[in-house]
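[1] Coordinates only, no sequence provided:
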């Protein structure tokens with residue numbers, strides 16, 4: 001009978017050891033899962049911060065591009081107004097014809113500008129605007 005009690009005690013100790021080991025491993029597993037969840041949460045938070053930074057930079061670039069586009073529109077409008085004004089400016093027919101005649105006779109823009117005491121740009125513009133007439 002004493003060997004029965006010894007076996008019973010050994011069995012009970014084995015069961016208790018198994019229960020304690022199971023609880024220990026369950027606790028470690030839960031701790032590991034909690035650490036994993038915390039790591040994932042931190043990773044998601046960092047990704048959210050990076051996305052926020054990227055969105056902020058995108059917005060800055062969009063604002064800068066909008067300002068550039070507005071500046072281009074203003075300059076385009078001014079250039080259109082300037083060209084319209086220059087085209088509408090009444091050059092004497094003789095001056096226009098003289099510039100075109102000199103160009104057709106083989107004179108360079110520089111030579112025409114010197115001869116007529118005008119700027120090169122003005123001669124070039126008149127040629128571009130009126131040469132086809």
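    Sure, I can see it. Note that the structure is a prediction, hence the values are computed from the model and not measured.
[2] can we go C-alpha only for contacts and neighbour counts from here?
    Fine.
[3] so who does residue 72 touch?
    Contact criterion C-alpha atoms under 8 Å, 6 or more residues apart in numbering gives no residues in contact with residue 72.
[4] For it, what is the enclosing helix or strand?
    Using DSSP states H and E, residue 72 sits within helix 2-88.
[5] per-residue pLDDT, residue 9?
    You'll see residue 9 listed with a pLDDT of 88.
[6] now it: how far from residue 15?
    Separation of residue 9 from residue 15 (C-alpha to C-alpha, to the nearest Å) stands at 10 Å.
[7] swap in residue 121?
    104 Å.
[8] In contact with residue 34, which residues?
    Contacts of residue 34 by C-alpha under 8 Å, 6+ apart: none found.
[9] Could you name the specific helix or strand carrying residue 118?
    Per DSSP H and E, there is no helix or strand for residue 118.
[10] next one: the one 10 residues further on
    When elements are defined using DSSP H and E, residue 128 is found to belong to helix 120-130.
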